[in-house]
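Asks: Structure for the following, please:
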Amino acid sequence: MRAPLEELWDASGRVDATRGNTLGAEDITTRLRAGNVRFVVAELGAAPRWISVSEAFDLWKQELKPRLVSPPAAKTGFFLSDFPDEYAYVATEWRQPGSDAPIVVFERHH
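Replies: Numbers count the residues shown, from 1 in each chain. Modelled structure (predicted):
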């Protein structure tokens, strides 16, 4: 994986999806409440990890939300020391043609 992520893939190969806007906590909470969102965690040196729907809310509350970089900071820069355990996530929305369900990709920075 290269940062920022230029394409998305899973166990069966490349996923036809287009990278969109950087998301903040409120954006992600809204998508979770709608119930039709997929989460992916991406980290350098590893394949993207697709999160099951049943695991997404707990992962959001416990791991991702406390370490989420705000959209303005994602553009201007941020300090890892400002986040728990000195790592953080930048979230972006990806869309697939013909699907209303967004994919939220969390790119881990450490």
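
Asks: Every contact and neighbour count from this point should use C-alpha atoms.
Replies: Will do.

Asks: next one: the helix or strand in which G20 is found to chain centre, how far?
Replies: Here G20, judged by DSSP states H and E, is contained in strand 18-23. For strand 18-23, the distance from its own C-alpha centre to the chain's C-alpha centre is 9 Å (CA atoms, centre = their mean, to the nearest Å).

Asks: again, but for stretch 16-29
Replies: 7 Å.

Asks: right, and the helix or strand after the strand holding G20?
Replies: Once the chain leaves strand 18-23, the next helix or strand it forms, by DSSP H and E, is helix 25-34.

Asks: After that following helix, which helix or strand is next? Please name it.
Replies: Helix 25-34 is succeeded, C-terminally, by strand 38-42 (DSSP H and E).

Asks: Show me which positions of that following strand end up buried.
Replies: R38, F39, V40, V41, A42 (16 or more other CA atoms under 10 Å).

Asks: Do a quick rundown of the strands in this structure.
Replies: Secondary structure of the chain (DSSP state E): strands at 8-10, 13-15, 18-23, 38-42, 49-51, 88-95, 103-109.

Asks: Now distance to F78 too, for these, in CSV please.
Replies: As requested, these are exported to CSV (distance: least, CA to CA, whole Å):
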stretch, distance to F78
strand 8-10, 24
strand 13-15, 29
strand 18-23, 14
strand 38-42, 18
strand 49-51, 24
strand 88-95, 9
strand 103-109, 10
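
Asks: got a markdown table for those, with distance to A73 and mean pLDDT too?
Replies: Formatted as a markdown table, the strands of the chain follow (distance: least, CA to CA, whole Å; pLDDT from 0 to 100):
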| stretch | distance to A73 | mean pLDDT |
| --- | --- | --- |
| strand 8-10 | 23 | 87 |
| strand 13-15 | 28 | 90 |
| strand 18-23 | 10 | 94 |
| strand 38-42 | 19 | 95 |
| strand 49-51 | 24 | 94 |
| strand 88-95 | 9 | 96 |
| strand 103-109 | 13 | 96 |
